[in-house]
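> next comes the sequence, and after it the predicted model I'd like to discuss.
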Amino acid sequence: MSPLSPILIGIVVLAFLAAIPLEIAAIRRLRRIQLLRGTLFFVSGGFILALAAAAVLVAMNLHTYARLTHEQEAARVSMRQLGERRYVVSVEGKQIPARHYELRGDEWQIDARVLKWRGIGNLLGLDTVYRLERLSGRYGDITSERSAPRTVFALSEDPGIDLWAALRRYQSYVPLADALYGSAAYVPMAEGAEYLVNVSSSGLVVRPGNEAARKAVGGWK
């Protein structure tokens, strides 16, 4: 998981420290029936607390992404065949514990989200981050892809607010993100094959991890 930015944590702490005295002052003045000043303090403190809460929600969502400073391993994928075009695929990575999925098709595909930040984001301590999103089965021919059973699984969830959707929707108003894009890679499924999923700032790369995978990729049509 991506560590939270110390600067972002500092902003949240300062917001709470600024809001608490305002709320205390508001309560004291309201008790003394100083309604105007008490209400002003109360609203100001509430506004700061709301901003702090929003920052916490953003931080929770950002924590589901992993830091990306250079090409690195994101997951290991292995599989065994159950039948014709049916495989149990195991995925294990930094972001996700080992899980097993039944996929149908000739190939497996993995999808990810990548977020790059502008200068102000970098000043806040935000690195380029990624998050694995989906695992799915694919068919090698279009006819099967249209008519055969499809299998798609989520590899992550969105706690708090959906930061990706918010940045896309309000990017013109809050230009923190320099680039938001999806990346996907797919390779053949084969009995006993193991693959390494790497990620860089340009997206996902899948490489064979054993001889069975190398043979599958070498004979891929």
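Arrived safely, thanks for sending. Just so it is clear, the model here is predicted, and its values are computed rather than measured. Numbering: from 1, shown residues only.
> what is the helix or strand residue 116 falls within packed up against?
Using DSSP states H and E, residue 116 falls within strand 107-117. Counting contacts by 3 or more C-beta pairs under 8 Å, 6 or more residues apart in numbering; DSSP states H and E, strand 107-117 is packed against strand 72-83, strand 86-93, strand 129-138, helix 163-169, strand 177-188, strand 194-200, strand 203-208. Yep, even glycine has a C-beta here, placed from its N, CA and C like the rest.
> make JSON lines out of the ones you listed and add mean pLDDT, distance to residue 103 and mean neighbour count.
Formatted as JSON lines, the helices and strands packed on strand 107-117 follow (pLDDT from 0 to 100; distance: least, C-beta to C-beta, whole Å; neighbours: other C-beta atoms under 10 Å):
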{"stretch": "strand 72-83", "mean pLDDT": "93", "distance to residue 103": "8", "mean neighbour count": "17"}
{"stretch": "strand 86-93", "mean pLDDT": "95", "distance to residue 103": "5", "mean neighbour count": "18"}
{"stretch": "strand 129-138", "mean pLDDT": "90", "distance to residue 103": "4", "mean neighbour count": "21"}
{"stretch": "helix 163-169", "mean pLDDT": "65", "distance to residue 103": "25", "mean neighbour count": "15"}
{"stretch": "strand 177-188", "mean pLDDT": "81", "distance to residue 103": "11", "mean neighbour count": "16"}
{"stretch": "strand 194-200", "mean pLDDT": "91", "distance to residue 103": "13", "mean neighbour count": "20"}
{"stretch": "strand 203-208", "mean pLDDT": "91", "distance to residue 103": "15", "mean neighbour count": "17"}
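> and of these, who's closest to residue 102?
strand 86-93 (5.7 Å; C-beta to C-beta).
> got the angle between the closest one and strand 72-83?
Strand 86-93 and strand 72-83 are oriented at 160 degrees to each other (axes from the mean of the first three to the mean of the last three C-alpha atoms, to 10 degrees).
> what's strand 86-93 in contact with?
Contact with strand 86-93 is made by 73-82, 98-104, 108, 110, 132, 135, 137, 155, 189, 197, as judged by C-beta atoms under 8 Å, 6 or more residues apart in numbering.
> can you give the strand pairings for it, parallel or anti for each?
For strand 86-93, the paired strands and their directions (DSSP bridges) are strand 72-83 (antiparallel), strand 99-104 (antiparallel).
> relative to residue 128, which of the ones you listed is closest?
Across the strands paired with strand 86-93, closest to residue 128 is strand 72-83 (C-beta to C-beta), at 11.3 Å.
> residue 202: neighbouring residues, count only.
Counted with other C-beta atoms under 10 Å, residues neighbouring residue 202 total 10.
> show the pLDDT at it.
pLDDT for residue 202: 76.
> could you find the closest non-adjacent residue to it?
Counting by C-beta to C-beta, 6 or more residues apart in numbering, residue 202 lies nearest to residue 183, which is 8.0 Å off, once chain neighbours are set aside.
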